[in-house]
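Novice: Build me a model:
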Amino acid sequence: MRIRATVAAVTGALALTALAAPAAQADAQGADLHLPSAAERFGVPSAKPAFRAAAAADELPVVTKVTINSGKAVAVGTTNAKTFTVSVTASHATGIEDAFVALWHGTAVTEEDLDGVLLPNEEAATCTASSATTSTCKLTITAYPGVDLYKNALAGTWKVSVGVLAGDYSVYENDYHATHKVQRYSKLTVNASPEPVKKGKTITVTGKLSRANWETGKYAGYTGQSVKLQFRKKSSSTYTTLKTIKTNSTGNLSTTVTAGVDGYYRYAFAGTSTTPAINAAGDFVDVQ
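Specialist: Residues are numbered from 1 along each chain as shown. Now for the predicted structure:
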């Protein structure tokens, strides 16, 4: 595991490095992926000056909080790009000048070991100070299906790289600060019939669970997944689980229940590491 933590002194004005947009970092084959270091991002020397080489760890900026997409997994569909906010709260005796957050996928941050990178849209973060020493810095990241997310194997856990630049130009950077989920957007349908139905008769409830295929740009059935059939009475706001069934080889669902009272039927999927949880909208059945 590589962790970069660098203290650097800069005598001139701070230079900010312009970064290419995420779409330029990866083509459909995922070539030329690169995760910039602190030196590249903030425009500071990568080597430690001799007079700062013995700097103590407590002279580095201290990161107290990192938030990705408000703490929710990043779910991306087949056509629309997904833009989400990332933020870093950090402190240092000289204040905070800038911050950097990126998501990356692979076995290491070297170019030959990366197969996915999501970089900020902005050249510099927008930092808001809560005190003379502490600031929260925000950036946005855009994930493009079929470009940044060019293969389905990228769905799942990504690593989070974080960098912070202090007022004295000391830099903290950790390529393994945290992990975050990037998932294939899911859809779930339901249809209960016949409508209306006589009490005691059979109701057939069908549906389909599908998820984004980043390689084809279409939605495909999610096979072999456990899905709950739930029901709530017309007078209630709470769903109860009637049974659990599995999707077939095309992601379809079908089961039967006995009509009792008026109410709504829906399917509920708990999600997996690669695909978010989703509930179908309830389908109302009038029992006569």
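Novice: alpha carbons only for contacts and neighbour counts from here, please
Specialist: Fine.
Novice: can you pull out the strands in the stretch 1-150 of the chain?
Specialist: 5-7, 62-68, 74-76, 82-91, 96-106, 114-118, 126-129, 134-143 (DSSP state E, counting those that start in this stretch).
Novice: Please list the outside residues in contact with the third one.
Specialist: Meaning strand 74-76. Here strand 74-76 makes contact (C-alpha atoms under 8 Å, 6 or more residues apart in numbering) with 82, 84, 143-145, 181-185, 212, 275-276.
Novice: make it 10 Å
Specialist: Outside of strand 74-76, the residues within contact range by C-alpha atoms under 10 Å, 6 or more residues apart in numbering are 68, 82-84, 143-145, 149, 155-156, 180-186, 211-214, 274-276.
Novice: can you tell me which of the strands of the stretch 1-150 of the chain comes nearest to Leu253?
Specialist: For Leu253, the closest of the strands of the stretch 1-150 of the chain is strand 74-76, at 22.8 Å, according to C-alpha to C-alpha.
Novice: now stretch 248-268, how far from the centre of its chain.
Specialist: Between the centre of stretch 248-268 and the centre of its host chain there is 30 Å, according to C-alpha atoms, centre = their mean, to the nearest Å.
Novice: mind listing what's buried in that stretch?
Specialist: Neighbour-count burial for stretch 248-268 flags 248, 251-254, 259-268 (criterion: 16 or more other C-alpha atoms under 10 Å).
Novice: low-confidence ranges in this structure?
Specialist: Counting by pLDDT under 70, the ranges of the chain that qualify are 1-31, 46-58.
Novice: who does the lengthiest strand in it touch, helix- and strand-wise?
Specialist: Scanning the chain for the longest strand, with DSSP state E as the assignment, gives strand 170-184. Here strand 170-184 is seen to pack against strand 5-7, helix 38-42, strand 62-68, strand 74-76, strand 96-106, strand 156-166, strand 202-213 when contacts are counted using 3 or more C-alpha pairs under 10 Å, 6 or more residues apart in numbering; DSSP states H and E.
Novice: Dump those into TSV; add mean neighbour count and distance to Asp115 as well.
Specialist: Listed next are these as TSV, based on neighbours: other C-alpha atoms under 10 Å; distance: least, C-alpha to C-alpha, whole Å:
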stretch	mean neighbour count	distance to Asp115
strand 5-7	23	24
helix 38-42	21	20
strand 62-68	17	20
strand 74-76	22	17
strand 96-106	25	5
strand 156-166	23	11
strand 202-213	21	17
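Novice: can you redo these as TSV with distance to Ala281?
Specialist: Converted to TSV, those look like this (distance: least, C-alpha to C-alpha, whole Å):
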stretch	distance to Ala281
strand 5-7	48
helix 38-42	45
strand 62-68	28
strand 74-76	19
strand 96-106	33
strand 156-166	26
strand 202-213	11
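Novice: For Ala129, list each beta-bridge partner.
Specialist: Ser135 (DSSP bridges).
Novice: Could I get the contacting residues of it?
Specialist: For Ala129, the contact set (C-alpha under 10 Å, 6+ apart) comprises Thr89, Ala90, Ser91, Gly95, Ile96, Glu97, Ser135, Thr136, Cys137.
Novice: With Ala166 instead?
Specialist: Going by C-alpha under 10 Å, 6+ apart, Ala166 touches 7, 59-62, 90-99, 133-134, 172.
Novice: List buried residues within the contacts of strand 74-76.
Specialist: When neighbours are counted using 16+ other C-alpha under 10 Å, those contain these buried positions: 68, 143-145, 149, 155-156, 180-186, 211-214, 274-276.
Novice: measure Tyr150 to Thr256 for me?
Specialist: Distance, Tyr150 to Thr256, by C-alpha to C-alpha, to the nearest Å: 39 Å.
Novice: typo on my end, Ser186
Specialist: Computed with C-alpha to C-alpha, the distance linking Ser186 and Thr256 is 24 Å.
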